[in-house]
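Enquirer: here's my sequence, what's the structure:
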Amino acid sequence: MEKAMKNQNQKDDDSDSQHHAREMETTSEIMQRAEERKKFLRVIVRSLPAQFSSLKMNSDTVDYEDACLIVRYLASMRPFAQSFDIYLTQILRVLGESAIAVRTKAMKCLSEVVAVDPSILARSDMQRGVHCRLMDNSTSVREAAVELLGRFVLSRPQLTEQYYDMLIERILDTGISVRKRVIKILRDICLEQPTFSKITEMCVKMIRRVNDEEGIKKLVNETFQKLWFTPTPNHDKEAMTRKILNITDVVSACRDTGYDWFEQLLQNLLKAEEDASYKPARKACVQLVDNLVEHILKYEESLADCENKAVNSNRLVSCITTLYLFSKIRAQLMVKHAMTMQPYLTSKCNTQNDFVVICNVAKILELVVPLMEHPSETFLATIEEDLMKLIIKYGMLVVQNSVSCLGAVVNKVTHNYKFVLTCFNRYYGALNKLKVQHQEDPTGSVLSSNKPALLRSLFTVGALCRHFDFDLEEFKGNSKVVIKDKVLELLLYFTRTDDEEVQTKAIIGLGFLFIQHPGLMFFPDVKNLYNDILSDRKRSDNLKIQVLKNLQTYLQEEDSRMQEADREWKKLSKQEDLKEMGDISSGMSSSIMQLYLKQVLEAFFHTQSNVRHFALNVIALTLNQGLVHPVQCVPYLIAMGTDPEPSMRNKSDQQLVEIDKKYTGFIHMKAVAGMKMSYQLQLSIAAKPGSVVRGFRQDETHSALCSHLFSMVRSNRQHRRAFLISLLNLFDDSAKTEVNMLLFIADNLACFPFQSQEEPLFIMHHIDITLSVSGSNLLQSFKESLQKEPRHRDKKEKRRERERERERERERQREYSSDEEKLHMSASSSDEYDDEEVKRRPKKSKRQAAGLDSDSDSDVDDVEKVMDRLPENPIPLLDFANASQGILLLLVLKQHLKNLYGFSDSKIQKYSPTESAKVYDKAVNRKNNVHFSPRQTLEFLSNDLSKADITYDLKKRIVRQYLDFKVLMEHLDPDEEDEEGEAASASANARNKAISALLGGSSPKNHPPPPADSEDDESDGDEKTPGSSRRSRSRGGDSAEATGHMNEAVEAMDVIAILCPKYKDRPQIARVIQKTSTGYSVHWMAGSYSGTWAEAKKRDGRKLVPWVDTIKESDIIYKKIALTSAHKLTNKMVQTLRSLYAAKEGSSS
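Expert: Below you'll find the predicted structure:
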């Protein structure tokens, strides 16, 4: 055995050794061949050295780098390596997929590709793909696109320029995560590419997000703390200079839009480190202020040397403006530089920049001088003299700032009241003298010849009264004269002159006076003046704007006083009750605003946008300070949300959002009133008086003017439904709403940003209900106005009318034929709907004969007979034409919603408002290029038919419209018809023709009908229209209906009639839930023979729950009941059920 095993092992070893020997031989052959080839290549390289200069000539081996190069070259020749463009194209194509998750993954896949080679971002197809995804409707996809750019745009500076415009747009993205990502990318660009040309614009865009959502606010603060407010090493002058230039450039860029962002940013940073031991932001501010002052001196020297005057002048203005902004937030920073600033008050004013410098220096000194400890008297006296020279010499802006600075210096430091009183007496005396002269000679030229002095005196007296209380003992001593009353009387006198410029300056002076003495606004003369200017449409717009500016300035000053009082209260709260003082001041503001609120709100409807702008500012300040109850402002703010100016729209919408946060339900409460006021606003600002007002934006978006209102109301289902029903109720003939307002509301309903299927379905459901009620009432009122006997006309008159009608008939037939050839449609306009077509209408059903039509209807079924019975008084005709526009608009609106969202008739018919919200909570699919255009209503308004003369043609049009309405009402609900087979088809055609005639044939021509059913319809099956299951029956349908469809199978959701012995109510109606082993599980319905039917509920403890029961199949007496659109039983169904119950109960007894 052992020998055998040894022999076997030896054999195995021999075979392995032989195999190994063969492999070695093969390897040696391969190596030998490789060596031969290498030698051959070396020979070639040596023979052609110029072509292979990069290779080492004296080496027998290839180094690592060359080997890598050779391998990469050989690999690049393979097909897979050449398929990069194909794969990249496919990935870019996937970016357009409908699934959000797929698009997001495709963006991440691109990120991996770009990570290896960022240069592909320079490709045009990559730019297009990334740009499209930056505009994607999914936040996650947009964020992935921004992240892709952010990861690699910094590595290649040239890409920053290329993708900058795409990136900067996304800083206003609706997604918070996207905005954050963009700010981080922009911050990194600022830090790593400080020489990039768009740094200033980037900083402006970022800093404006300082009042954004809390996370973004924090990110912005951190960004600018890193960029600007981190201390710079003293030796790094270049970094400090770059920082100074950056800040001043940003301040200069925001010159027109205001500096609130800078103040807010500085406040946030300094407040955050108040309690910290180390204060880097404060230290950085000290450095910045010191260096800004140095730069100012440097620019001043450059200006003196006439070097780059324009550039240095702009730099000087930017530096001083920046210093003012620092002083406004932390004035202590400028105390040591006050004396450096003072000489700039004496600058020569040759350009606009010079005036800006003087005004900003005056503002700085106003804030800083009161904080100086023991300033020299010479310095203070110099400031007073300089300011007085400015008051006497320059215009309004300089005077206003100079008086303000003088007020701070005199009231808080020098108390040199005599100096101020001298100036006041000079201008007050001049005004008094001019008043006396004008009273003596009202028609003379006293005012016109002294106009410049008069204007300056009015303004300066008002400005001095704003900052100094001249009734204090320090000014007038023991005198009993009340100076404020004298000034008020003087200023009021000049508001009554004929010169508008003088009136404006006098009103400006009054505004200044009221800031110091707000109680004067309660005086009857002041109240009458303000209210008269605001409410009288004949008064100048400039005067209205000035009154609104006065109120705005007063509120701003009161707000500043309140904030100052709060700060003082925090310091001295244990010593004095300063809060009480603030409350008293707030009470005064509230009383004043309630006095003028109505007139300010009415200014919203002014034709000039400037007036509306200042009115909105006043209301925003009033609401922010809580001076009036917000509910009275809500409808006006809703109206302002439709303003053409985007800034005003945004501001009013923001106020509404704030109100909705604090007082839930206020917006819904005033929503309909707001819609009506929106119409009034659009009417008042219409380009041409009398033009038709539409309710959507006339741009590519076609969005509803009141879309923001709907977006606020829609979140609450109960509020949304109540709002929509209230709007639809305005179309009722009893509401007597003017036609143009109905058009405005219909436009909004058509263009509201619906998100779920339930919203448009709810509107269409209630349109059906409104049509059935209002339409019947409208027909009845017209019918009652007709004469009982036809009036007699002579033969000549009838002959002339017939000839005219025949001519028109031939024209209509020609038009009709051409339309048939072009469009292959039977739809025709109301003018094409002639007498013969009216006579060809199908026979009326039993229901029609018994219900809608009276016995006299047989006499009014064509145009001629109705024309003969028209009353002499044309008012009922015009009333019908006017009232019918509401019905027409509802018909067009329903057709538009069907076309826009692709709903089938069966889907609309099966909708029930009582069903669970989840059933119709699917997102809507909105089609493109489907616009709401109610042609007949537009023609009615354009031609002003409500006031037109009643001609024969107009009478005939109205009569045709009446007959079309009559047919429509007869066939409005398909489930109520009794015809079968061909009769049913004729009736449907009659209904469609009536609708087409009423709508002017616009609907079928503009838009194809929606498909019969979609996947969303679920159990709709093959139904094409409501009630079609009854029409598609065989000719034996009569017997099936008589036996209650008892031969058919019952399905889930069918409505059935039951005879259940344990209940006495008749009829017993239920909706089938499902089939059970013993019968059916049903949901009982509550209603009556003549009333509406809804799913019944019963009490289970304290809750109401659906009333579900189990029945036997033998209890069913009628299957497949079709309720009307109003959820009622048809007349025939009522008769059938009554007879069935009578027969069943008779047989059981």
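
Enquirer: need phi/psi at residue 690.
Expert: In terms of degrees, to the nearest 10, the main-chain angles of residue 690 are phi 90, psi 0.

Enquirer: now do the same contact list for it.
Expert: residue 944 (C-beta atoms under 8 Å, 6 or more residues apart in numbering). Bear in mind the C-beta positions are built from the backbone N, C-alpha and C, glycine included.

Enquirer: quick one: stretch 390-408 to chain centroid distance?
Expert: Relative to the chain's own centre, stretch 390-408 is displaced by 43 Å; criterion: C-alpha atoms, centre = their mean, to the nearest Å.

Enquirer: mind saving the C-alpha coords of it as CSV?
Expert: Extracted in CSV, the C-alpha atoms of stretch 390-408 (Å, rounded to 0.1, in the frame of the first residue of the first chain):
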residue,chain,number,x,y,z
LEU,A,390,-25.4,126.0,6.0
ILE,A,391,-29.0,126.7,7.2
ILE,A,392,-28.9,130.2,5.6
LYS,A,393,-27.1,129.2,2.4
TYR,A,394,-28.1,125.8,1.1
GLY,A,395,-31.2,123.8,0.1
MET,A,396,-33.7,121.6,1.8
LEU,A,397,-31.6,118.5,2.4
VAL,A,398,-28.7,120.4,3.8
VAL,A,399,-30.9,122.6,5.9
GLN,A,400,-32.8,119.6,7.4
ASN,A,401,-29.6,117.8,8.4
SER,A,402,-27.9,121.0,9.7
VAL,A,403,-30.9,121.9,11.9
SER,A,404,-31.0,118.3,13.2
CYS,A,405,-27.3,118.5,14.1
LEU,A,406,-27.8,121.9,15.6
GLY,A,407,-30.6,120.6,17.7
ALA,A,408,-28.4,117.8,19.2
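
Enquirer: list the buried ones in that stretch?
Expert: By 16 or more other C-beta atoms under 10 Å, the buried positions in stretch 390-408 come out as 390-391, 394, 398-408.

Enquirer: tell me, what residue is most central in the protein?
Expert: Taking C-alpha atoms, centre = their mean, the centroid of the chain lies closest to residue 708, which sits 4.8 Å from it.

Enquirer: which residues touch it?
Expert: Going by C-beta under 8 Å, 6+ apart, residue 708 touches 641, 649, 653, 656.

Enquirer: try it again with 6 Å
Expert: Shown in contact with residue 708 (C-beta atoms under 6 Å, 6 or more residues apart in numbering): 641, 653.

Enquirer: swap in the one 4 residues further on?
Expert: When contacts are counted by C-beta under 6 Å, 6+ apart, residue 712 is found next to 660, 667.

Enquirer: how about residue 911, nearest residue that isn't a chain neighbour?
Expert: residue 761 (4.4 Å; C-beta to C-beta, 6 or more residues apart in numbering).

Enquirer: quick check: the one you found vs residue 1095, distance?
Expert: As judged by C-beta to C-beta, to the nearest Å, residue 761 and residue 1095 stand 17 Å apart.

Enquirer: ok so, going back, what about the buried residues of stretch 390-408, which are in strands?
Expert: With DSSP state E as the criterion, strands contain none of the buried residues of stretch 390-408.

Enquirer: circling back to that earlier point, quick one: secondary structure of the residue nearest to the centre of the chain?
Expert: Residue 708 carries the three-state label helix when classified by DSSP: H, G, I helix; E, B strand; the rest coil.

Enquirer: tell me the pLDDT of it.
Expert: Each residue has a pLDDT score; the one for residue 708 is 92.

Enquirer: next one: the helix or strand hosting residue 1083 to chain centre, how far?
Expert: Secondary-structure element containing residue 1083, defined by DSSP states H and E: strand 1080-1086. Relative to its chain's centre, strand 1080-1086 lies at 45 Å (C-alpha atoms, centre = their mean).

Enquirer: ditto for stretch 743-759
Expert: The answer for stretch 743-759 is 14 Å, by C-alpha atoms, centre = their mean.

Enquirer: secondary structure element holding residue 1117?
Expert: Here residue 1117 is assigned to strand 1116-1118, by DSSP H and E.

Enquirer: buried sites along the very next helix or strand once past that strand?
Expert: Using DSSP H and E, the helix or strand that follows strand 1116-1118 towards the C-terminus is helix 1131-1148. Buried positions in helix 1131-1148, judged by neighbour count with 16+ other C-beta under 10 Å: 1131, 1133, 1136-1137, 1140-1141.

Enquirer: now those residues in CSV, with distance to residue 1073?
Expert: Converted to CSV, the buried residues of helix 1131-1148 look like this (distance: C-beta to C-beta, whole Å):
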residue, distance to residue 1073
1131, 28
1133, 22
1136, 24
1137, 21
1140, 23
1141, 23
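
Enquirer: the residues you listed: which two are farthest apart?
Expert: Greatest spatial distance among these (C-beta to C-beta): 1131 and 1141, at 16.2 Å.

Enquirer: ok, residue 604 - how many residues close by?
Expert: Per other C-beta atoms under 10 Å, the neighbour tally for residue 604 reads 24.

Enquirer: which residues in the chain form strands?
Expert: Under DSSP E, the chain gives strands at 1055-1058, 1068-1075, 1080-1086, 1094-1095, 1097-1100, 1103-1106, 1108-1111, 1116-1118.

Enquirer: how about these, which one is nearest residue 220?
Expert: Nearest of those (C-beta to C-beta): strand 1103-1106, 50.2 Å.

Enquirer: tell me the buried residues in that closest one?
Expert: Judged by neighbour count using 16+ other C-beta under 10 Å, strand 1103-1106 contains no buried positions.

Enquirer: same question for stretch 364-384.
Expert: 364-369, 372, 375, 380, 382-384.

Enquirer: for these, which two are the farthest from each other?
Expert: Spatial extent of the buried residues of stretch 364-384 (C-beta to C-beta) is set by the pair 367 and 382 at 18.1 Å.

Enquirer: out of the buried residues of helix 1131-1148, the closest to residue 645 would be?
Expert: Among those, and counting by C-beta to C-beta, the member closest to residue 645 is residue 1131, at 56.0 Å.

Enquirer: for residue 322, see how far away residue 288 is.
Expert: 8 Å.

Enquirer: just residue 80 next, same as before
Expert: Taken as C-beta to C-beta, the span from residue 80 to residue 322 is 60 Å.

Enquirer: how close does the residue nearest to the centre of the chain get to residue 753?
Expert: Remark: distance between residue 708 and residue 753 (C-beta to C-beta) = 9 Å.

Enquirer: with residue 546 instead?
Expert: Residue 546 is 40 Å from residue 753, by C-beta to C-beta.

Enquirer: between the two, which one's more packed in?
Expert: Neighbours were counted for residue 546 and for residue 753 using other C-beta under 10 Å; residue 546 has more, 20 against 14.

Enquirer: wait, isn't that one in contact with residue 509?
Expert: No. Counting by C-beta atoms under 6 Å, residue 546 sits too far from residue 509 to count as a contact (10.6 Å).
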